[in-house]
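Participant: With the input below, show me the fold.
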Amino acid sequence: MAKTPAKAAPKKPAAPRAKASAAKAPIKSVNTAAAKEKFSKALDDAKAGAAALGSEARTRAEAYRDQAVAKSSDWVDEAKVYGEQAKKKAGELAVEGKTRASDALSGFGKLVSDNAVTIDDRFGEKYGDYARTASRKLQETAARIDAKEIDELGEDAREFVRKSPALAVGIAAVAGFFLARLFSGSNKA
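Facilitator: Numbers count the residues shown, from 1 in each chain. You can find the predicted model right below:
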């Protein structure tokens, strides 16, 4: 049989090192206190820097806001001036257009009236009378257009569209067709 080794005697525990650890403890607490103090100071500096940065940002934001308000009020004023100029110019152009339309209708009525005699000779007095009636209506319409203000003409047009929208759309389509034919160029060479 094999011999089993004898059990070794138990070792004595090491002597407590109370004196050595007591000597190191004050150094550790001094280092910790110094670190806490430095951290606390750095934190205070960071807070002060953030407060100063925030204050500066608010000051700049207020300055930029004041500039934006001033510029926007300037732009609004300029837009109002341009709007008034555009309104005045549109009114002048509308009056000029009204005058031209009235003159064109009057001239066309006079042309039809001048040709009424020729129509009498070629087609008969009945058709000549139709031409004279049409001429008179054209000249009366020209006189009414010339006598009315632009605002009155606009209101009359709105009222006409309200009363008979289908007829208004038809007239606009026919007028658009004629204008397109009038202004379209011929592709034939």
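Participant: Please count neighbours and contacts with C-alpha atoms only from this point.
Facilitator: OK.
Participant: Looking at this structure, which helix is longest?
Facilitator: Of all segments of type helix in the chain, defined using DSSP state H, the longest is helix 18-114.
Participant: packing partners for the lowest-mean-pLDDT helix or strand in the chain?
Facilitator: For the chain, using mean pLDDT, DSSP states H and E, the weakest element among its helices and strands is helix 18-114, scoring a mean of 85. Taking 3 or more Cα pairs under 8 Å, 6 or more residues apart in numbering; DSSP states H and E as the contact definition, the neighbouring helices and strands of helix 18-114 are helix 125-147, helix 150-163.
Participant: burial count for residue 106?
Facilitator: The number of residues packed around residue 106, counting by other Cα atoms under 10 Å, is 21.
Participant: hang on, it packs against residue 138?
Facilitator: Yes: counting by Cα atoms under 8 Å, a contact exists between residue 106 and residue 138, whose distance comes to 6.4 Å.
Participant: that older thread, please work out which of the helices and strands packed on helix 18-114 is packed deepest.
Facilitator: Mean neighbour counts were compared across these using mean count of other Cα atoms under 10 Å; the top stretch is helix 125-147, at a mean of 17.
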